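Sequence and predicted structure below; questions after.
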Amino acid sequence: MRLTTWNVNSVRLRTGHLPALIEATRADVLCLQETKVIDEAFPRDAFAELGYRHQVIAGQKNHNGVAILSRLPIDKHASRVWCEREDCRHASITLENGIEIHDFYVPAGGDIPDPEENPKFAHKLAFLREMAAYFRKRRPRNAPIVLVGDLNVAPLENDVWSHKQLLDVVSHTPIEVALLGDVMKSYGFVDAVRRFVPPEQRLYTWWSYRAQDWAKSDRGRRLDHVWVSPALEGRLREAHVHKAARDWTPPSDHVPVTVEIEG
DNA sequence: ATGGTAGGTATCCTA
């Protein structure tokens, strides 16, 4: 099974990229974030025509929004309110093969890395704490779970272009990195991509729109993640960051990330 | 040190 996560930054502006996305990823399951569209206007047919007939969509007007599009039958899907807000940042499904998939869009957190001063940062920290509490309580502990999405945290030194310069920049602050670590520990999740790309190697999934030449300045961050529970770790076969997608026009500022899981 | 761009919507907010 091949699974791709991608923050599309408007799904309607990226539907033209679907053939390229499918050719590059050969995904059975697509998990999207920042779809930025209400469910009634989601381009369902464009995905269905390409084989993604099983669809779970959770969108709202203007901001946020997540969607899971699958070629494999979906056995059930569930939604949940996070931080007492109906803001379309999560969808989850269980496939007929028993694998449970969680698609998250963690709040970006604004500019000021201080929860007292900045309510958006407080929301981000609360969201991460709630994710950790949710998976800590999950029973049994041996379920095959995949957690993906734009987690808006770059945890490792080589997940950002300058560890030192980003220590007080939202997405790489020690408090966020610690809380993301708590989410990871909550169910024993494994960073599927770093299983294949060693931590000594720089790896990004996002480059700002604000650079004149994103590739030349290469000031990226790894904000998009694929994690698997211990039950799936031994079945990981491949991981890939589709860096070339940053040049698909018009581009999202995030690129797709794909993993292959045996079975 | 600063400001740079993009998207959706409404004339600004979020990223």
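Arrived safely, thanks for sending. Residues are numbered from 1 along each chain as shown, chains lettered A, B, ... in the order given.

which SS class is the residue in the stretch 51-200 of chain A that DNA strand B sits nearest to?
Going by C-beta to the nearest atom of the strand, DNA strand B is nearest to residue A:108 of the stretch 51-200 of chain A, at 3.6 Å. All C-beta atoms are positioned from the backbone trio N, CA, C, and that covers glycine. Following DSSP: H, G, I helix; E, B strand; the rest coil, we place residue A:108 in the coil state.

so the closest residue to it other than its chain neighbours, which of the three states?
Using C-beta to C-beta, 6 or more residues apart in numbering and skipping residues adjacent in sequence, the residue nearest residue A:108 is residue A:152, 5.1 Å away. Assigned by three-state DSSP, the conformation of residue A:152 is coil.

Let's see the pLDDT reported for whatever residue of the stretch 1-150 of chain A ends up closest to DNA strand B.
Residue nearest to DNA strand B within the stretch 1-150 of chain A: residue A:10 (2.9 Å; C-beta to the nearest atom of the strand). What the model reports as pLDDT for residue A:10 is 98.

if you take the average position of chain A, which residue is closest to it?
Nearest to the mean C-alpha position of chain A, counting by C-alpha atoms, centre = their mean, stands residue A:149 at 1.2 Å.

Residue A:109 and residue A:149, how far apart?
Counting by C-beta to C-beta, to the nearest Å, the separation of residue A:109 from residue A:149 is 15 Å.

Ignore what I typed, I meant residue A:118.
22 Å.

just residue A:52 next, same as before
Distance of residue A:52 to residue A:149, given as C-beta to C-beta: 18 Å.

now residue A:239
With C-beta to C-beta as the criterion, residue A:239 and residue A:149 are 15 Å apart.

and if you look at residue A:174?
As judged by C-beta to C-beta, residue A:174 and residue A:149 stand 22 Å apart.

Same check on residue A:236?
Counting by C-beta to C-beta, the separation of residue A:236 from residue A:149 is 18 Å.

what's the answer for residue A:79, then?
Look at residue A:79 and residue A:149: by C-beta to C-beta, they are 15 Å apart.

can you give me the strands in chain A?
Using DSSP state E, the strands of chain A run over A:2-7, A:29-33, A:54-58, A:66-70, A:74-78, A:90-95, A:100-105, A:145-150, A:190-191, A:206-207, A:220-221, A:224-228, A:236-241, A:257-261.

Distance to DNA strand B added to those, as TSV?
Output for the strands of chain A, formatted as TSV (distance: least, C-beta to the nearest atom of the strand, whole Å):
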stretch	distance to DNA strand B
strand A:2-7	8
strand A:29-33	9
strand A:54-58	15
strand A:66-70	13
strand A:74-78	23
strand A:90-95	14
strand A:100-105	9
strand A:145-150	8
strand A:190-191	21
strand A:206-207	9
strand A:220-221	11
strand A:224-228	11
strand A:236-241	18
strand A:257-261	16
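
Deepest-packed of those, please.
Of those, the one with the most neighbours on average (mean count of other C-beta atoms under 10 Å) is strand A:29-33, at a mean of 29.

Neighbouring strands - and their directions - for it?
Here strand A:29-33 has these sheet partners by DSSP bridges: strand A:2-7 (parallel), strand A:66-70 (antiparallel).

on that earlier part again, closest to residue A:165 out of the strands of chain A?
Counting by C-beta to C-beta, residue A:165 lies closest to strand A:220-221 out of the strands of chain A; the figure is 11.6 Å.
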